[in-house]
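> Coordinates for the following, if possible.
(2 chains)
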Amino acid sequence: MDIKKTTSRISTHLPPIIAIVLIAWLMSGCATIFSGTEQDLKVLPADAKLEIYSWNGKLLETPKIESNSTMTVHRPKAASSNLIRLQKEGYCPRYWLTTPKANPPTYLNWIIGGVIGFMIDMSTGAGRAYSPTEFQLNIPETQLCG
Amino acid sequence: MWLIKRVTLLISLGLTACTPPIFVEMAVLPAVPATAKIKQLNSNAGNQISSTCSVPCNVTVEGDSNYEVRLDAPGYYPVVVQLDWGMAFSTAQDIADAFDTKKNRTPLVIPLIQRKLIKDNPVNGYSGKPTQ
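This is a model prediction of the structure:
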């Protein structure tokens, strides 16, 4: 009797649960699911200050070092190139223009996510990645910085 | 052989047509007198082509070309950045308001750091706003 009831409950509730899980899956981009909207960047020396600027000079983010010279930043939401500035007292500051790259998991949308998946990945930023990912100050200020 | 040459020529012409030059308008923040030295790193002539201009000025970024831009402003640390057509193109496409479609021009604003003020005021009070 109990088994029958349980089976009946499962058969009643399972399809909506499966449907919700499927909708949630389909409503998310592959890169958003697999790699998230954040990316690790490596910075040397570890206590250097990294700032991310937009192409037209707007300060977007000043991430903090989390551990072992690694800092977590939000993946770029736009396809445009950003300017990364690294500075630390005693070193000549350095600048990099990033090259917008696709985050490889976003290509899985060709198989399961579809156009909606691509759109979600692009809107959350999960579909993109900063390149380069390692930034290093290597010229001491004693060399007069060029 | 003739066909291969024709196809190669057509592909080359197509690629050239698809990669129009983009004019990057160099500017610095704060807006102080600065000089930009632009060095083309992969010129076809084999030599590195260099030019100098007073900021703000335009840098013509040709398709499939890499450049090294060095900015010097008295009292500020020099800036050296590598720039290529892909960066300028994707930014121009993405930042519609920063892209003058008639002139294929997009502004690149570089925030400078004043010398010997890193300890006291690391960001120099930059607002981060473009100078336009």
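> okay, CA-based contacts and neighbour counts for the rest of this
Fine.
> Low-confidence ranges, the chain, go.
Reading this off chain A. Low-confidence segments of chain A, defined by pLDDT under 70: A:1, A:21-28, A:30-31, A:113.
> that answer is for a different chain, and I need it for chain B
Scanning chain B for pLDDT under 70 picks out B:1-18, B:43-48, B:95-104, B:117-132.
> Show me where chain A has its helices.
Remark: helices assigned in chain A by DSSP state H are A:2-26, A:30-34, A:114-124.
> actually chain B, not the one I wrote
Ranges of helices in chain B, per DSSP H, are B:2-18, B:85-94.
> in chain A, which spans are strands?
Remark: strands assigned in chain A by DSSP state E are A:38-44, A:49-53, A:59-61, A:65-67, A:70-74, A:83-87, A:94-97, A:101-102, A:128-129, A:134-136.
> Can you list the helices and strands that the third one packs against?
Read that as strand A:59-61. strand A:49-53 (3 or more CA pairs under 8 Å, 6 or more residues apart in numbering or on different chains; DSSP states H and E).
> Recalculate using a threshold of 10 Å.
Applying 3 or more CA pairs under 10 Å, 6 or more residues apart in numbering or on different chains; DSSP states H and E, we find strand A:59-61 packed against strand A:49-53, strand A:70-74, strand A:83-87.
> Adding distance to B:Val109 as columns, could you present these in a markdown table?
A markdown table is the format used below for the helices and strands packed on strand A:59-61 (distance: least, CA to CA, whole Å):
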| stretch | distance to B:Val109 |
| --- | --- |
| strand A:49-53 | 9 |
| strand A:70-74 | 21 |
| strand A:83-87 | 9 |
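> pretty sure A:Ser81 contacts A:Leu97?
Yes - contact criterion CA atoms under 10 Å: A:Ser81 and A:Leu97 qualify, at 6.3 Å.
> between those two, who's got more neighbours?
Per other CA atoms under 10 Å in any protein chain shown, whichever of A:Ser81 and A:Leu97 has more neighbours is A:Ser81, with 28 against 23.
> Quick check: that one vs chain B, distance?
5 Å (CA to the nearest CA, to the nearest Å).
> can you pull the contacts of that residue?
The neighbourhood of A:Ser81, defined by CA atoms under 10 Å, 6 or more residues apart in numbering or on different chains, consists of A:53-55, A:96-101, A:130-131, B:83, B:86-92, B:94-95.
> again, 6 Å this time
By CA atoms under 6 Å, 6 or more residues apart in numbering or on different chains, the contact list for A:Ser81 reads A:98-100, B:87, B:91.
> would you turn those residues into a markdown table with neighbour count and distance to B:Gly63?
Shown next, in a markdown table, are the contacts of A:Ser81 (neighbours: other CA atoms under 10 Å in any protein chain shown; distance: CA to CA, whole Å):
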| residue | neighbour count | distance to B:Gly63 |
| --- | --- | --- |
| A:Thr98 | 22 | 17 |
| A:Thr99 | 22 | 15 |
| A:Pro100 | 21 | 16 |
| B:Met87 | 21 | 11 |
| B:Thr91 | 26 | 14 |
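> will you turn the residues you listed into TSV that also has distance to B:Lys37?
Converted to TSV, the contacts of A:Ser81 look like this (distance: CA to CA, whole Å):
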residue	distance to B:Lys37
A:Thr98	20
A:Thr99	21
A:Pro100	25
B:Met87	19
B:Thr91	22
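> and of the residues you listed, the nearest to B:Pro111?
The closest of the contacts of A:Ser81 to B:Pro111 turns out to be A:Thr98 (CA to CA; 15.4 Å).
> if you skip the residues just before and after it, what's nearest to A:Ala46?
In this structure, A:Ala46 finds its nearest non-sequential neighbour in A:Ser69, 4.3 Å apart by CA to CA, 6 or more residues apart in numbering or on different chains.
> For that neighbour, grab the count of nearby residues.
By other CA under 10 Å, 18 other residues sit near A:Ser69.
> Could you measure from it over to A:Ser54?
23 Å (CA to CA, to the nearest Å).
> quick one: buried residues of stretch A:129-146?
A:129-131, A:135-137 (16 or more other CA atoms under 10 Å in any protein chain shown).
> any chance of those in TSV, plus distance to B:Tyr77?
Formatted as TSV, these follow (distance: CA to CA, whole Å):
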residue	distance to B:Tyr77
A:Ala129	29
A:Tyr130	25
A:Ser131	24
A:Phe135	18
A:Gln136	17
A:Leu137	14
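> With respect to A:Leu108, which of those residues is nearest?
Distances from A:Leu108 to the buried residues of stretch A:129-146, taken by CA to CA, are shortest for A:Ala129, at 15.5 Å.
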